[in-house]
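*Asks:* Provided below for reference: sequence and predicted model.
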Amino acid sequence: MRIIDDTKLDFDDVLISPKRSQLTSRKDAELTRKFTFKHSQHTWTGVPIVASNMDHTGTIGMFNAMSEHKMLTALCKFTEWPKNGWHYLIQTIGLDQNLDALDYDDSHWICLDVANGYTERFNDYVTLMRNHEAIKDKIIVAGNVCTPEAVEQIILEGADVVKIGIGPGSVCTTRKMTGVGYPQLSCIIECADAAHGLGGLVCADGGCTVPGDIAKAFGAGADFVMLGGMLAGHDQCESDIIEEDGQKYAVFYGMSSDTAMERHSGGVAVYRASEGKTVKIKYRGDVNDRTMQDILGGLRSACTYVGARQLKELSKRTTFIMVGQQINNVFGEAK
């Protein structure tokens with residue numbers, strides 16, 4: 001046993017300090033980025049925000065909405081793969097996937113998605129994917145892990161992008177059930193540094209609750225940011241809608257919850273416990289009505305405050321300050 005006594009930070013622990021800016025308007029901030037991936041050598045251009053591969057965010061409806069804004073959707077692995085839209089759509093698989101049985105013709109992105117990316121089986125599978133004849137030229141995303149050493153290993157084994165974050169999600173209870181995790185902001189800072197040193201990339205998965213958190217994630221060095229709870233409850237989520245006292249609610253749950261395992265695996269296996277929860281959240285209508293504007297507008301505004309004309313400049317111009325309080329809620333939280 002040992003103790004790491006360095007302070008580790010989450011999104012709520014910091015604010016971004018403003019800097020002198022030559023931008024005259026938020027519309028001057030360019031959010032589109034262009035990446036060339038280390039192993040596949042594919043080039044991709046778009047806004048590097050990703051809808052999570054959960055039942056109610058990794059949907060075709062969400063893909064249709066996200067792609068309008070040049071953003072990605074990681075399709076839930078239980079959803080049938082469509083025959084178009086590869087540029088903004090990520091195919092998700094698990095460790096039990098027969099690689100020879102997949103249809104790769106219309107897919108340039110493959111995501112190996114597991115809760116625990118520290119097992120030898122996971123790491124061997126990444127190597128298998130990169131050496132597989134049908135996948136070796138695909139953009140491979142793999143995770144999740146939360147430490148720089150693991151990120152380096154996964155990149156060296158063949159991943160182009162490593163998905164980082166253990167336990168920060170709004171409907172994830174891994175930290176409660178296992179005591180395992182890493183504060184997400186420090187996770188991003190440390191893992192991004194490790195990945196970039198090898199020419200790899202990271203996707204920060206989980207923990208963002210407001211647009212400012214997305215800005216902090218990019219400021220900390222994330223190349224992609226994956227969203228679950230922030231996109232939940234919309235028409236595109238295909239959630240069950242419940243009405244109580246005149247208010248509509250949408251059902252949202254983690255993919256390691258009782259609900260998800262009942263739906264996809266017939267229940268929670270006797271040797272494990274649920275590591276997710278099921279919640280009711282207010283129905284939010286069409287994701288394009290306000291949510292997308294809030295996300296993209298908030299991110300552009302953050303760039304303007306620090307003088308980042310392009311999103312890729314945000315991490316270079318970010319200085320975090322540690323704080324004890326972020327928001328004045330004397331009249332309640334903003335709606």
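*Replies:* Arrived safely.

*Asks:* Can you name the residues that contact the residue nearest the centre of the chain?
*Replies:* With distances taken as C-alpha atoms, centre = their mean, residue 226 lies nearest the centre of the chain, 1.7 Å away. By C-beta atoms under 8 Å, 6 or more residues apart in numbering, residue 226 lies in contact with 49-52, 74, 163, 203-206. Placement of C-beta: from N, CA and C, glycine included.

*Asks:* So which of those wins on neighbours?
*Replies:* For the contacts of residue 226, the largest neighbour count, defined by other C-beta atoms under 10 Å, is 33 neighbours, found at residue 205.

*Asks:* In contact with it, which residues?
*Replies:* Residues in contact with residue 205 (C-beta under 8 Å, 6+ apart) are 52, 143-144, 163-165, 169, 226.

*Asks:* switch the cut-off to 7 Å
*Replies:* Contact analysis of residue 205 by C-beta atoms under 7 Å, 6 or more residues apart in numbering lists 143-144, 163-165, 226.

*Asks:* ditto for residue 101
*Replies:* Applying C-beta under 7 Å, 6+ apart to residue 101 gives no contacts.

*Asks:* could you say which helix or strand contains residue 18?
*Replies:* Using DSSP states H and E, residue 18 maps to neither a helix nor a strand.

*Asks:* From residue 26, how far off is the closest residue to it other than its chain neighbours?
*Replies:* Leaving aside its chain neighbours, residue 18 sits nearest to residue 305 (4.5 Å; criterion: C-beta to C-beta, 6 or more residues apart in numbering). As judged by C-beta to C-beta, to the nearest Å, residue 305 and residue 26 stand 10 Å apart.

*Asks:* circling back to that earlier point, I'd like to know which of the contacts of residue 226 is nearest to residue 61.
*Replies:* Proximity of those to residue 61 (C-beta to C-beta) peaks at residue 51, which lies at 10.1 Å.

*Asks:* what are the ranges of the helices in the protein?
*Replies:* For the chain, the helices defined by DSSP state H occupy 60-68, 120-131, 148-157, 174-178, 184-197, 211-219, 258-265, 291-306.

*Asks:* Could you identify which of those helices is most buried?
*Replies:* Most buried of the helices of the chain by mean neighbour count (mean count of other C-beta atoms under 10 Å) is helix 211-219; its value is a mean of 25.
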